[in-house]
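Below are the sequence and a predicted model for it; my questions follow.
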There are 2 protein chains.
Amino acid sequence: METDEVLARLRSAGRKVTEQRRVIIEALSRFGSPVTARRIHREASKAMPGISHDTVYRNLEMLCKTGTVVQIRAKGASLFELPEGHHHHMVCVKCSKVLCVECCPLSFEEKMLARQHGFRVLGHHLEFYGLCPACNDTG
Amino acid sequence: METDEVLARLRSAGRKVTEQRRVIIEALSRFGSPVTARRIHREASKAMPGISHDTVYRNLEMLCKTGTVVQIRAKGASLFELPEGHHHHMVCVKCSKVLCVECCPLSFEEKMLARQHGFRVLGHHLEFYGLCPACNDTG
DNA sequence: AAGTATTTTAGGAATATTACTATTTGGAGG
DNA sequence: CCTCCAAATAGTAATATTCCTAAAATACTT
């Protein structure tokens, strides 16, 4: 997704387009793969020295809630990405490698849940965990 | 699940049954619903003063990896539970209420993934997020 | 262009979580 | 019961994440 598209989404969701948000999103789009909040903050600091880590966290959280950014809960720190299309991840419990997975069988379930529980489902968080090929071989 | 069953699982998985683990699992089973690591630590400290929080975290993580304990990634802190049967959760993004969901359509996908990517899937982590009935009504 | 209501931010404090290491301990084998 | 080794623990240091508040910025209205 392009930076401008993300900003447009913000606007249409009634949120303000601040310089910080622009910088964070541009930093994020510069990485092609999932990165830590710390690295996003470092990258954003190049364009805007002094931007606070709290701002980075707060905005990443907001973008996750609106479904624009995806958070991967890894061991030492969460990873974030600007996804191309809806997909999920497999995380190796040994080496923490992250693989992308295209399939997603959940849209039907979401509608079911909404009906059954009166819960308004905004999205879901799905990760598979296990052993990647390399770690599986080495024991 | 009973405490003894969890300990038996540990044994058969080749892990040691320590007094700390017994205490942690008993603490966990005393709560009927998901609780924070902090509360588990406090509860465990009653039976074993001086038990370190690191031990609690380390063991909760281990139990999660073996599928015995379930971790719910909530806002300020993760929640843990000894689940009755395989199920998932819906977390309200506004009030953080947690609802249990029985359905799980993923066993088939796990096998697919294993074949396609050579990834040995040990489990998955699935959470729906959105607005609970109360928060949905109040806007 | 200026005024205003609301959202957002910086900065630092408070929590939550993980990493590291010397020491201890569970349990297998004798 | 005693010895040994791998696994586990306590304690502490280091990170990661969230909370809190006064001040600043955005978008809207005039």
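Sure thing, it's come through.

quick one, domains of chain A?
A:1-83, A:86-139 (automatic domain parsing).

any low-confidence regions in chain A?
A:138-139 (pLDDT under 70).

continuing past the lengthiest strand in it, what's the next helix or strand?
For chain A, the strand with the greatest residue count under DSSP state E is strand A:120-131. Next helix or strand after strand A:120-131 toward the C-terminus (DSSP states H and E): helix A:133-137.

What residues sit buried inside that next one?
Neighbour-count burial for helix A:133-137, counted by 16 or more other C-beta atoms under 10 Å in any protein chain shown, picks out residue A:135. Using the backbone N, CA and C atoms, a C-beta is placed for each residue, glycine as well.

Check the offset of that helix from the chain's centre.
26 Å (C-alpha atoms, centre = their mean, to the nearest Å).

now swap in stretch A:25-32 and tell me
The chain centre lies 12 Å from the centre of stretch A:25-32; the measure is C-alpha atoms, centre = their mean.

Alpha carbons only: can I get it in CSV?
Extracted C-alpha coordinates of stretch A:25-32, given in CSV (Å, rounded to 0.1, in the frame of the first residue of the first chain):
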residue,chain,number,x,y,z
ILE,A,25,4.0,5.6,7.7
GLU,A,26,6.8,6.5,5.3
ALA,A,27,9.3,4.9,7.6
LEU,A,28,7.2,1.8,7.7
SER,A,29,6.8,1.6,3.9
ARG,A,30,10.5,1.9,3.5
PHE,A,31,10.9,-1.5,5.1
GLY,A,32,9.6,-4.4,2.9
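
Buried residues in that stretch, which are they?
Buried positions in stretch A:25-32, judged by neighbour count with 16+ other C-beta under 10 Å: A:25, A:27, A:28, A:31.

now the second one, nearest residue through space, not along the chain?
Distances taken as C-beta to C-beta, 6 or more residues apart in numbering or on different chains put residue A:43 closest to residue A:27, at 3.8 Å, once the chain neighbours are dropped.

I'd like the distance between the residue most central in space within chain A and residue B:102.
The centroid of chain A falls nearest to residue A:70 when counting by C-alpha atoms, centre = their mean (1.8 Å). Distance from residue A:70 to residue B:102, counting by C-beta to C-beta, to the nearest Å: 26 Å.

repeat for residue A:18
Residue A:18 is 42 Å from residue B:102, by C-beta to C-beta.

more crowded one of those two?
residue A:18 (13 against 9; other C-beta atoms under 10 Å in any protein chain shown).

Quick check on that one: phi, psi?
phi -100, psi 160 (degrees, to the nearest 10).

how close does it sit to residue A:62?
From residue A:18 to residue A:62 the distance is 11 Å (C-beta to C-beta).

ditto for residue A:26
Between residue A:26 and residue A:62 the computed distance is 16 Å (C-beta to C-beta).

again with residue A:107
For residue A:107, the distance to residue A:62 - C-beta to C-beta - is 23 Å.

What residues does chain A have near DNA strand C?
Counting by C-beta under 7 Å from any atom of the strand, chain A comes close to DNA strand C at A:15-16, A:18, A:20-21, A:48, A:50-55, A:58-59, A:75-76.

What pairs with the longest strand of chain A, parallel or antiparallel?
Sheet pairing for strand A:120-131, assigned by DSSP bridges, gives strand A:88-92 (parallel), strand B:120-131 (antiparallel).

Quick one: check the shortest one for contact with DNA strand D.
I take that to be strand A:88-92. No. With C-beta under 7 Å from any atom of the strand as the criterion, DNA strand D is not reached by strand A:88-92; the gap is at least 13.6 Å.

After that strand, which helix or strand is next? Please name it.
Counting by DSSP H and E, what follows strand A:88-92 is strand A:98-101.

can you list contacts of that following strand?
Outside of strand A:98-101, the residues within contact range by C-beta atoms under 8 Å, 6 or more residues apart in numbering or on different chains are A:33-34, A:72, A:74, A:79, A:87-92, A:128, A:132, B:113, B:117, B:119.

Could you list the buried residues of the very next helix or strand once past it?
The helix or strand immediately downstream of strand A:98-101 is helix A:107-117, counting by DSSP H and E. Buried residues in helix A:107-117, counting neighbours by 16+ other C-beta under 10 Å, are found at A:109, A:110, A:113, A:114, A:117.
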